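> this one's structure only:
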């Protein structure tokens with residue numbers, strides 16, 4: 001005897017969506033640019049290569065966290081292991097992005113040492129314009 005399945009009429013289904021923060025790609029691109037500038041200005045700033053190395057390590061961690069999270073999120077339909085670890089991967093991804101954000105802020109602080117008062121004023125005006 002063959003069973004007929006009834007469609008889900010009147011039932012609401014919810015699907016959990018998995019996505020990265022909207023500015024993750026911009027954040028990584030900014031970090032790479034700042035790391036390149038730190039590399040060229042390290043002597044002028046009087047900082048060792050540690051600042052740049054920490055920033056590059058944070059970039060690598062963010063790439064790994066995002067890649068792992070998206071891989072598990074895409075595989076959650078087919079794999080119970082992916083389902084089990086996707087929330088943990090999301091937490092790691094969020095932590096690595098937050099660490100990258102802090103490292104960028106710190107690195108920009110190093111770069112501000114070289115700026116003149118006019119340069120700092122110009123940067124402040126641009127930041128205020130972007131935030132408004």
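Good, I have the coordinates. All values derive from a computational prediction rather than experimental measurement.
> all contacts plus neighbour counts: C-alpha atoms, from now on.
Will do.
> Check which helices and strands the longest helix that the chain contains sits against.
As assigned by DSSP state H, the longest helix anywhere in the chain is helix 80-112. Judged by 3 or more Cα pairs under 8 Å, 6 or more residues apart in numbering; DSSP states H and E, helix 80-112 is in contact with helix 24-45, helix 50-75.
> Mind listing what's buried along that helix?
For helix 80-112, the neighbour count (16 or more other Cα atoms under 10 Å) marks 82-83, 86, 89-90, 92-94, 96-97, 99-101, 103-104, 107-108, 110-111 as buried.
> neighbours around residue 74, how many?
Neighbour count for residue 74, taken as other Cα atoms under 10 Å: 14.
> about what we covered before: go through the helices and strands packed on helix 80-112 and name the closest to residue 126.
helix 24-45 (15.3 Å; Cα to Cα).
> low-scoring stretches of this protein, by residue?
Along the chain, the parts satisfying pLDDT under 70 run over 1-18, 127, 129-132.
> and whichever helix or strand comes after the longest helix of the chain with helix 80-112, angle?
Next along the chain after helix 80-112, taking DSSP states H and E as the criterion, comes helix 117-131. On the basis of axes from the mean of the first three to the mean of the last three Cα atoms, to 10 degrees, helix 117-131 is oriented at 150 degrees to helix 80-112.
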